[in-house]
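Peer 1: Compute the structure for the input listed below.
(chains A and B)
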Amino acid sequence: GQQLNQSPQSMFIQEGEDVSMNCTSSSIFNTWLWYKQDPGEGPVLLIALYKAGELTSNGRLTAQFGITRKDSFLNISASIPSDVGIYFCAGRLQGGSEKLVFGKGTKLTVNP
Amino acid sequence: DVKVTQSSRYLVKRTGEKVFLECVQDMDHENMFWYRQDPGLGLRLIYFSYDVKMKEKGDIPEGYSVSREKKERFSLILESASTNQTSMYLCASSLIIWGPPSTDTQYFGPGTRLTVL
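Peer 2: Here you go, the predicted model:
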């Protein structure tokens, strides 16, 4: 199956730093979703984006649906230790595919 | 809030056993999905269902079957478990697919970590 290119694969940051990660594809997407997964748990939806150019915030998290509809980014401001986890992007391809395409995740480590 | 629950968080089975993984959602969602998650491979779709008694193969259906007898419940069946089916299994649901944006957002359960010895 198709995968999204998600980068970086991992990040090691200090508490208080800002974080940025992104997903890109050569295909056009109708929906972009960002999830966070804690160890041993299922992914939890953070932000959903449904329109090109859309910029949405959820607390310290901000995500944008790229204007070309082929990419999306997620920013976390002023990171805290509980931000640790794996962040996944997922998208719904234009054309009505019933399946989501997933990135492989960005593993975030926050040092106190 | 959407609630997706899975019957077990951890399961240990022996090679050759028949294994049932159950998933229940309480939001009247039409669609339900089963994924497995392995390090380095990300999430891979096994099967999904867009209606009661309807099912579609995902990317890796071999060795698995599914059952959807009721709208809220989607079962994944390993007919004869093998060691290469040791994995984290995630169930998800979404409202509908062929509709306006936001209806295809998937919500995940907590996962079942299956070990096959």
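
Peer 1: got a pLDDT number for residue 97?
Peer 2: No chain in the question, so chain A it is. Reported pLDDT at A:Ser97 in the predicted model: 64.

Peer 1: that answer is for a different chain, and I need it for chain B
Peer 2: pLDDT at B:Ile97 comes out at 63.

Peer 1: any idea how far B:Phe20 lies from B:Lys13?
Peer 2: 10 Å (C-beta to C-beta, to the nearest Å). C-beta coordinates here come from the backbone N, C-alpha and C atoms, glycine included.

Peer 1: Compare neighbour counts for the two and give me the winner.
Peer 2: B:Lys13 (16 against 12; other C-beta atoms under 10 Å in any protein chain shown).

Peer 1: Any idea what B:Tyr10 is bridged to?
Peer 2: Taking DSSP bridges, one obtains B:Arg113 as the residues bridged to B:Tyr10.

Peer 1: Report the contact partners of it.
Peer 2: Applying C-beta atoms under 8 Å, 6 or more residues apart in numbering or on different chains, one finds that B:Tyr10 lies in contact with B:Thr112, B:Arg113, B:Thr115.

Peer 1: What is the neighbour count of the second one?
Peer 2: Taking other C-beta under 10 Å as the neighbour definition, B:Arg113 ends up with a count of 15.

Peer 1: Which pLDDT value goes with it?
Peer 2: Model confidence at B:Arg113 (pLDDT) stands at 96.

Peer 1: Hmm, B:Val12 and it touching each other?
Peer 2: No - if you go by C-beta atoms under 8 Å, B:Arg113 and B:Val12 don't touch, sitting 9.3 Å apart.

Peer 1: Can you tell me which residues in chain A are near chain B?
Peer 2: Contact residues, chain A versus chain B (C-beta under 8 Å from any C-beta of the partner chain): A:1, A:3, A:30-31, A:33, A:35, A:40-45, A:48, A:50-51, A:88, A:90, A:92, A:96, A:98-100, A:102-105.

Peer 1: beta partners of residue 92?
Peer 2: Went with chain A since none was named. Counting by DSSP bridges, the residues bridging with A:Arg92 are A:Thr31, A:Leu100.

Peer 1: oops, chain B please
Peer 2: Beta-bridge partners for B:Ala92, by DSSP bridges, are B:Phe33, B:Phe108.

Peer 1: thought it was touching B:Val4?
Peer 2: Yes - here B:Ala92 reaches B:Val4: they are 6.7 Å apart, a contact under C-beta under 8 Å.

Peer 1: Now do the contacts for A:Glu17.
Peer 2: Applying C-beta under 8 Å, 6+ apart to A:Glu17 gives the contacts A:Ala78, A:Ser79.

Peer 1: Show me the strands in chain A, by range?
Peer 2: A:5-7, A:10-14, A:19-24, A:29-37, A:44-49, A:55-58, A:61-65, A:71-76, A:85-93, A:100-102, A:106-111 (DSSP state E).
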